[in-house]
Each structure stands twice: as structure tokens, then as C-alpha cells.
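Visitor: Mind looking at a prediction? Sequence and model below.
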Amino acid sequence: MSEIEVQQMEEKILRGIELAYQKLVEQKKRENGELVFSQDGKIVVVKACDLD
């Protein structure tokens, strides 16, 4: 693969990750759910409605 092809693939992968995250947040908002993140090695629970 050329560098341009690699860059295009990376962009597609990152866009796919963004879309998946957006869908997850939307679903959790509908369900009044929570999301769990790791921040500085600590587990953080956040209500989906608090995210924007």
C-alpha cells in the first residue's frame, strides 16, 4: 500500500470509530444509561445525558 492509501485507510477507520461512538452515546441516552471510561488509570462512570 502506498502512503496515500494508508492515510485514506486510517481516515476511514477513525471515521468509523467516531460513528460507532456517536451511535453508542445516542443509544445510551435513549436508555438513560451510563458509560464507563478510564481516566488517569481510574474508572469513571458518566451518565450519557451529561455528554454532548
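Guide: Great, that's in hand.
Visitor: going forward, measure contacts and count neighbours with C-alpha atoms only.
Guide: Fine.
Visitor: In which helix or strand does the residue most central in space within the chain reside?
Guide: Taking C-alpha atoms, centre = their mean, the centroid of the chain lies closest to Tyr21, which sits 3.0 Å from it. Secondary structure assignment for Tyr21, by DSSP states H and E: helix 3-30.
Visitor: How far away from the center of its chain is that helix?
Guide: Here helix 3-30 is found 7 Å from its chain centre; the criterion is C-alpha atoms, centre = their mean, to the nearest Å.
Visitor: and that helix, what's its mean pLDDT?
Guide: The pLDDT scores in helix 3-30 average 97.
Visitor: list the helices and strands it packs on?
Guide: Counting contacts by 3 or more C-alpha pairs under 8 Å, 6 or more residues apart in numbering; DSSP states H and E, helix 3-30 packs against strand 34-39.
Visitor: hang on, the earlier thing: tell me the angle of the helix holding Tyr21 relative to strand 34-39?
Guide: Here the directions of helix 3-30 and strand 34-39 differ by 130 degrees (axes from the mean of the first three to the mean of the last three C-alpha atoms, to 10 degrees).
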